[in-house]
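Visitor: the following comprises the amino acid sequence and a computationally predicted model.
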Amino acid sequence: MKSFKNKVAAITGAASGMGRTLALELARRGCNLALSDVNETELVKTAELAGKHGVRVTIQKLDVAKREAVYDWAEQVVRDHGKVNLIFNNAGVALTTTLEHVKISDFEWIMGINFWGVVYGTQAFLPHLKASGDGHIINTSSLFGLMAVPTQGTYNASKFAVRGYTEALRMELEMEGTPVSATCVHPGGIATNIAMAGKVDPIMEKLTGTTEEQQKRRANKLINVTTAESAALQILTAVEKNERRVLVGNDAKMLDKVIRICGSAYQVLVMRQLRKMNKKSSQGARSAA
């Protein structure tokens, strides 16, 4: 897909972060948009900003964890726009907890959005992408779909699943010889609201000695590496080049190299860094006291 002009792109999680910046950059390039999110107020704002570029924009309040709703939306997009060329399965949430203490309901919640939302979006839109004659599926995994981190096991599980699903999908599409391709996106730390909007299990306060708000702010500071605008540009460039995988941000590229070189020994490096960070936090807390 060398040009997005006059194409139709569907984007989940379009109310903020990468979803919003993808929508605005695609609109700037003349791509019509079908946008969805659970946050209807911010979704309307995204649509208004994108509409200033003179493209057609439709919106739908949508929970991607609900299969029938995703399929209904896909059908509605085609009715509204006549076709659809791209689906960005971008919606995602975060959950901080240990795998020993995680509530099954919370585990199902994060998998429903981060993984099943990708599956539903892919299956609902794929027939329409084939019919367009020029389609592309863009599924958002994460740097944490390449490496694991303590207290992020549920997020890791969802994002590793997206990676495996998308890589297998890409090969199957090639085997079939369809006019549709797939790219897996692995963002590093992106300056979005995902950390502040995520869930933190109450058990984490007992384990870390810090409040939920403190943990969210710390996580938000750590991921504030690459702007959402830069991430959108990198993703669209990868789609234009039909890349199988795109590592978004220098941190993602660097850590991917570390993982390739070290193999499973990267876990030793992760633990060493975490102990150093926790020691620094404890010293800071004692000084403040």
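Guide: Received it, and whenever you're ready, just let me know what you need.

Visitor: quick one: neighbours of residue 46, just the number.
Guide: A count of neighbours around residue 46, defined by other Cβ atoms under 10 Å, yields 26. Every residue, glycine included, has its C-beta placed from N, CA and C.

Visitor: now residue 213
Guide: 10.

Visitor: doesn't it fall inside a helix?
Guide: Yes. Counting by DSSP: H, G, I helix; E, B strand; the rest coil, residue 213 falls inside a helix.

Visitor: how close does it sit to residue 34?
Guide: Residue 213 sits 36 Å away from residue 34, going by Cβ to Cβ, to the nearest Å.

Visitor: which strand in this structure has the most residues?
Guide: In the chain, taking DSSP state E as the definition, the longest strand is strand 180-187.

Visitor: what packs against that one?
Guide: helix 117-132, strand 135-140, helix 153-176, helix 228-240, strand 245-248, helix 250-262 (3 or more Cβ pairs under 8 Å, 6 or more residues apart in numbering; DSSP states H and E).

Visitor: what's the mean pLDDT across that strand?
Guide: With pLDDT averaged residue by residue, strand 180-187 scores 97.

Visitor: for it, list the C-alpha coordinates in CSV.
Guide: The C-alpha trace of strand 180-187 is given here as CSV (Å, rounded to 0.1, in the frame of the first residue of the first chain):
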residue,chain,number,x,y,z
VAL,A,180,-4.2,-8.4,2.1
SER,A,181,-1.1,-8.2,4.3
ALA,A,182,-0.5,-7.9,8.1
THR,A,183,2.0,-6.0,10.3
CYS,A,184,2.6,-6.5,14.0
VAL,A,185,3.4,-3.3,15.9
HIS,A,186,5.7,-3.4,18.9
PRO,A,187,5.8,0.1,20.6
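
Visitor: report the angle between that strand and helix 117-132.
Guide: 150 degrees (axes from the mean of the first three to the mean of the last three Cα atoms, to 10 degrees).

Visitor: contacts for strand 180-187 next, please.
Guide: By Cβ atoms under 8 Å, 6 or more residues apart in numbering, the residues outside strand 180-187 that reach it are 1, 18, 126, 129-130, 135-143, 145-146, 162-163, 166-167, 169-170, 173-174, 226, 231, 235, 238-239, 242-249, 252, 256.

Visitor: now residue 256. Nearest residue, chain neighbours left out?
Guide: With sequence-adjacent residues excluded and distances taken as Cβ to Cβ, 6 or more residues apart in numbering, residue 256 is closest to residue 247, at 5.5 Å.

Visitor: let me fix that: residue 259
Guide: residue 266 (5.0 Å).
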